[in-house]
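Asker: I need the structure of the sequence given here:
(chains A and B)
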Amino acid sequence: GAVVSQHPSRVICKSGTSVKIECRSLDFQATTMFWYRQFPKQSLMLMATSNEGSKATYEQGVEKDKFLINHASLTLSTLTVTSAHPEDSSFYICSSDRGGKLFFGSGTQLSVL
Amino acid sequence: DAKTTQPPSMDCAEGRAANLPCNHSTISGNEYVYWYRQIHSQGPQYIIHGLKNNETNEMASLIITEDRKSSTLILPHATLRDTAVYYCIVRVDLMGNTGKLIFGQGTTLQVKP
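Answerer: Numbering: from 1, shown residues only, chains lettered A, B, ... in the order given. Predicted coordinates:
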């Protein structure tokens, strides 16, 4: 069964609105979660590392004020795309480590109109 | 930057073994080789990982050369459902800690009837 649950699977929003994506670890505690973004026909690009109880670590070139990450509990991390624009349309995927293996959520397809 | 090199695409006949190569000539002594695959519009799926010994599980076998500079993922009897993008990744595996996965471009495996 799924180890990491991600919600929603698909979201369509208007330009200028904010969208929140949730990532939950199932049956285990995740002190660290990773957020990736994937554009069509491209590989996954790591955006940030989410740390429970502390600030997220962002990869170079990723705007922390644009992509807000909150990891308030050991089983939940959220990514909020603020003031979304069409260029933010992408496939967003979270992952978490369990026993030395990274497990991935099913992804969220964001479409900004 | 990704530390692995893979061919961009491969074909395999259904029922035959699929052998996917990966070069990781700069791998460090404490880095593991991980393989994931991604079926269209889904999150990556863990397949197998290893340090220096060959590994086998219910999905695949992983053959790592003695100098650890390359490896091969073997799907013994490929099916149409194995059509996916396969990613070879090197990562420091610290139990109780986490190391981020940096994805390269992967190999698109097309299994044909």
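
Asker: the helices in chain B, which residues?
Answerer: Taking DSSP state H as the criterion, chain B carries no helices.

Asker: pLDDT score for the residue nearest the centre of it?
Answerer: Closest to where the C-alpha atoms of chain B average out (CA atoms, centre = their mean) is B:Trp35, at 3.0 Å. We have a pLDDT of 96 for B:Trp35.

Asker: ok, how many other residues are close to the closest residue in space to it that isn't next to it in sequence?
Answerer: Among residues not flanking B:Trp35 along the chain, B:Ile47 sits closest, at 4.3 Å (CB to CB, 6 or more residues apart in numbering or on different chains). Backbone N, C-alpha and C define where each C-beta goes, glycine included. Neighbourhood size, B:Ile47 [other CB atoms under 10 Å in any protein chain shown]: 20.

Asker: swap in A:Asp65?
Answerer: 7.

Asker: Go ahead and confirm it touches A:Thr82.
Answerer: Yes. With contact taken as CB atoms under 8 Å, A:Asp65 and A:Thr82 are classed as touching, separated by 7.2 Å.

Asker: Does the helix or strand of chain A with the lowest mean pLDDT reach chain B?
Answerer: For chain A, using mean pLDDT, DSSP states H and E, the weakest element among its helices and strands is strand A:101-104, scoring a mean of 88. Yes. Applying CB under 8 Å from any CB of the partner chain, one finds strand A:101-104 touching chain B at A:101-104.

Asker: And stretch A:48-59, by the same measure?
Answerer: Yes. Interface with chain B: stretch A:48-59 contributes A:Thr49 (CB under 8 Å from any CB).

Asker: For that stretch, measure first residue to last.
Answerer: This stretch, stretch A:48-59, spans 6 Å end to end (CA to CA, to the nearest Å).

Asker: picking up where we left off before, if you count contacts, what does the least confident helix or strand of chain A end up packed against?
Answerer: Here strand A:101-104 touches strand A:90-98, strand B:31-38, strand B:45-50, going by 3 or more CB pairs under 8 Å, 6 or more residues apart in numbering or on different chains; DSSP states H and E.
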